[in-house]
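**Q** Show me the folded form of this:
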Amino acid sequence: MSTTMSWIVLIIAGLCETGFAFCLGKMKLVSGFAWWAWGTGFAVFVVVSMLLLAKAAQVLPIGTAYPVWTGIGAVGTVLLGILFLSEPATFWRILFITTLIASIVGLKMVSH
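**A** Numbering: from 1, shown residues only. Predicted coordinates:
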């Protein structure tokens, strides 16, 4: 797999991490069948995310791949929490998410 394709796979893995975290957040709010449905989504996203991370890490340095994967998941989860789970969009949350995005971009720029 090429380096470019590895980065694409890593981004998709990070988005899947956002997916499993969102499902986990929804599981807090429901019960019964809905809990199991969101739980199934959680399990699927976890497996896909981990497999894609492992695939990307075959080419990319793990010291870059893992933090980028985690960062994409963290940023996505915060944004989904604000948009769909009524979490606060305070100045400090936005500031620190912005610095996290800058860090992810920085890791990408210094990786070979």
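
**Q** tell me, what residue is most central in this structure?
**A** Compute the mean C-alpha point of the chain, and by C-alpha atoms, centre = their mean the closest residue is G73, 1.8 Å away.

**Q** show me what contacts that one?
**A** G14, E17, T18, A21, S49 (C-beta atoms under 8 Å, 6 or more residues apart in numbering). C-beta coordinates here come from the backbone N, C-alpha and C atoms, glycine included.

**Q** can you tell me the helix or strand for it?
**A** Assigned by DSSP states H and E, G73 belongs to helix 62-84.

**Q** Can you list the buried residues in that helix?
**A** By 16 or more other C-beta atoms under 10 Å, the buried positions in helix 62-84 come out as 64-65, 68-69, 71-82.

**Q** and it, how far out from the chain's middle?
**A** 4 Å (C-alpha atoms, centre = their mean, to the nearest Å).

**Q** could you give me the average pLDDT of it?
**A** Model confidence over helix 62-84, given as mean pLDDT, is 93.

**Q** and after that helix, which helix or strand comes next?
**A** helix 91-110.

**Q** quick revisit: restricted to helices, list the contacts of G73.
**A** Using DSSP state H, G14, E17, T18, A21, S49 are the members of these that sit in helices.

**Q** could I get those residues as TSV with pLDDT and distance to F42?
**A** As requested, these are exported to TSV (pLDDT from 0 to 100; distance: C-beta to C-beta, whole Å):
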residue	pLDDT	distance to F42
G14	97	16
E17	97	11
T18	97	12
A21	96	9
S49	98	10
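
**Q** With distance to M109 and neighbour count as new columns, can these be given to me in TSV?
**A** Output for the ones in helices among the contacts of G73, formatted as TSV (distance: C-beta to C-beta, whole Å; neighbours: other C-beta atoms under 10 Å):
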residue	distance to M109	neighbour count
G14	17	25
E17	21	25
T18	22	20
A21	26	21
S49	24	22
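
**Q** Out of these, which two are the most distant from each other?
**A** Of all pairs drawn from the ones in helices among the contacts of G73, the one with the longest distance (C-beta to C-beta) is G14 and A21, at 10.8 Å.

**Q** Thank you kindly, that will do.
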